[in-house]
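S.K.: make a model of this:
(one chain, ligands or ions: 1)
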Amino acid sequence: MTDHSGVGFLGMGNADADYSSRPSSARIYDALLGGNHNFAADREAAKRLLAMIPAAGEMARANRAFLNRAVQFMLDAGVRQFLDIGSGIPTVGNVHEIAQRRVEDARVVYIDIDPVAVAHAGEILRDNRFATAVQADMRFPEAILAHAGVRRLLDQQEPIGLLLVAMLHFVPDDDAYPAVERLLASLPPGSYVAISHGVSETAADAAGDGVADLYRRTDVSTATGRTRSQIKRFFGDTELVPPGLVWVHEWPAGPQGDGDPGDMAVVAAIGRKS
Ligand SMILES: C[S@@+](CC[C@H](N)C(=O)[O-])C[C@H]1O[C@@H](n2cnc3c(N)ncnc32)[C@H](O)[C@@H]1O
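M.R.: Next up, the predicted model:
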């Protein structure tokens, strides 16, 4: 995909011009990762973001690597089905690729608010009986849990791997905490939740207002880091598996050396529901 006005190629039929003129958080992230499913407005926003947080691309790659390790960890623990919310534009190392390489019939449901991300995932998954992509907003967990695709693929009697990776910082408190609580309540015992999240009290805070302003012009209303204790609250009653909440690139090895995070501003953990 070079110039991306041709949204139709994504299987979306008549493209809504707004998709290409208004940046989205999914496509800015795709641009940061060097992907090619983004529009000029997304690339411009990514450039502005990099000017404010030069390590943003490195953080996106470290986050993506965490996602891979989190899925591998859950597979090792016997998880065979995944609910990936805020899944983003499909790119290298998608959850179904990681999971189905090891377990042919591992089931994966991708949820994203971005229609371009979901349409593209739908194209990739067209012949995949065990995975689907659904456009939905995580602020409405009942709609996600009741969705036919979710009910068809995810067995509520078996552990589920819930992935909320690099997405909760786009959701305001009043929506995010109750939605995650509801999602966790829906998980069978033995399930896991992986969360990575922008953390405040780092060098990136200096750019906080500019970053929030940039994302206010996208499809999300906020982009705000939370403190470690605010992020831990999302895990509710689940038990954090070692090493707990650490810099995203340090999970699961734990803090290395002097613990200097460089320019990192994303932390991650995995919780197990008993
Ligand atoms: C930074 S990307 C992360 C993608 C992927 N999880 C990863 O870590 O590689 C954040 C994703 O969250 C999605 N998102 C933001 N707010 C959302 C919401 N309320 N409901 C569902 N998805 C949302 C965005 O569209 C975007 O695709």
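
S.K.: could you use CA atoms for every contact and neighbour count after this?
M.R.: Will do.

S.K.: burial count for the nearest residue to residue 189 once chain neighbours are set aside?
M.R.: Spatial nearest neighbour of residue 189, excluding adjacent residues (Cα to Cα, 6 or more residues apart in numbering): residue 274 at 4.9 Å. Neighbour count of residue 274, defined by other Cα atoms under 10 Å: 12.

S.K.: ok, now which ones touch residue 274?
M.R.: Applying Cα atoms under 8 Å, 6 or more residues apart in numbering, one finds that residue 274 lies in contact with 189-191, 238-239.

S.K.: out of these, who's nearest the ligand?
M.R.: If you rank those by distance to the ligand using Cα to the nearest ligand atom, residue 191 comes first, at 18.3 Å.

S.K.: next one: the closest one from residue 63, what distance?
M.R.: Residue 191 sits 21 Å away from residue 63, going by Cα to Cα, to the nearest Å.

S.K.: need the strands for the protein, in chain order.
M.R.: Secondary structure of the chain by DSSP state E: the strands cover 81-85, 107-112, 131-135, 161-165, 192-198, 239-240, 246-247, 266-272.

S.K.: and the first one, which strands flank it?
M.R.: Sheet pairing of strand 81-85 (DSSP bridges) gives strand 107-112 (parallel), strand 161-165 (parallel).

S.K.: center of this protein, which residue is that?
M.R.: Residue closest to the average C-alpha location in the chain (Cα atoms, centre = their mean): residue 165, at 3.4 Å.

S.K.: against the ligand, how distant is residue 235?
M.R.: Residue 235 is 17 Å from the ligand, where distance means Cα to the nearest ligand atom, to the nearest Å.

S.K.: quote the end-to-end distance of stretch 163-171.
M.R.: Stretch 163-171 end-to-end distance (Cα to Cα) = 15 Å.

S.K.: oh, that last question was meant for stretch 177-194, not what I typed.
M.R.: Its first and final residues considered, stretch 177-194 spans 15 Å by Cα to Cα.

S.K.: which positions in the protein make contact with the ligand?
M.R.: Near the ligand, the residues belonging to the chain are 25-26, 29, 63-64, 85-88, 112-114, 136-139, 165-167, 170-171, 220 when assessed by Cα under 6 Å from any ligand atom.

S.K.: deepest in the core, which of the strands paired with strand 81-85 is it.
M.R.: strand 107-112 (a mean of 25; mean count of other Cα atoms under 10 Å).

S.K.: residue 225 touches residue 169, doesn't it?
M.R.: Yes - counting by Cα atoms under 8 Å, residue 225 touches residue 169, with 5.8 Å between them.

S.K.: compare neighbour counts for the two and give me the winner.
M.R.: Taking other Cα under 10 Å, residue 225 and residue 169 do not tie; residue 225 has more neighbours (23 against 20).

S.K.: where does the stretch 151-274 of the chain dip in pLDDT?
M.R.: Within the stretch 151-274 of the chain, the segments meeting pLDDT under 70 span 257-260.

S.K.: please enumerate the helices of it.
M.R.: All helices of the stretch 151-274 of the chain, identified by DSSP state H, counting those that start in this stretch, fall at 173-186, 208-216, 228-233.

S.K.: how about the ones you listed, which one is nearest residue 46?
M.R.: helix 208-216 (9.5 Å; Cα to Cα).

S.K.: nearest spatial neighbour of residue 90, skipping sequence neighbours?
M.R.: Nearest residue to residue 90, sequence neighbours excluded (Cα to Cα, 6+ apart): residue 121, at 5.9 Å.

S.K.: likewise for residue 141?
M.R.: Spatial nearest neighbour of residue 141, chain neighbours left out: residue 179 (5.8 Å); criterion: Cα to Cα, 6+ apart.

S.K.: so that neighbour sits against residue 144, correct?
M.R.: No - in this structure residue 179 lies outside contact range of residue 144 using Cα under 8 Å: 10.5 Å.
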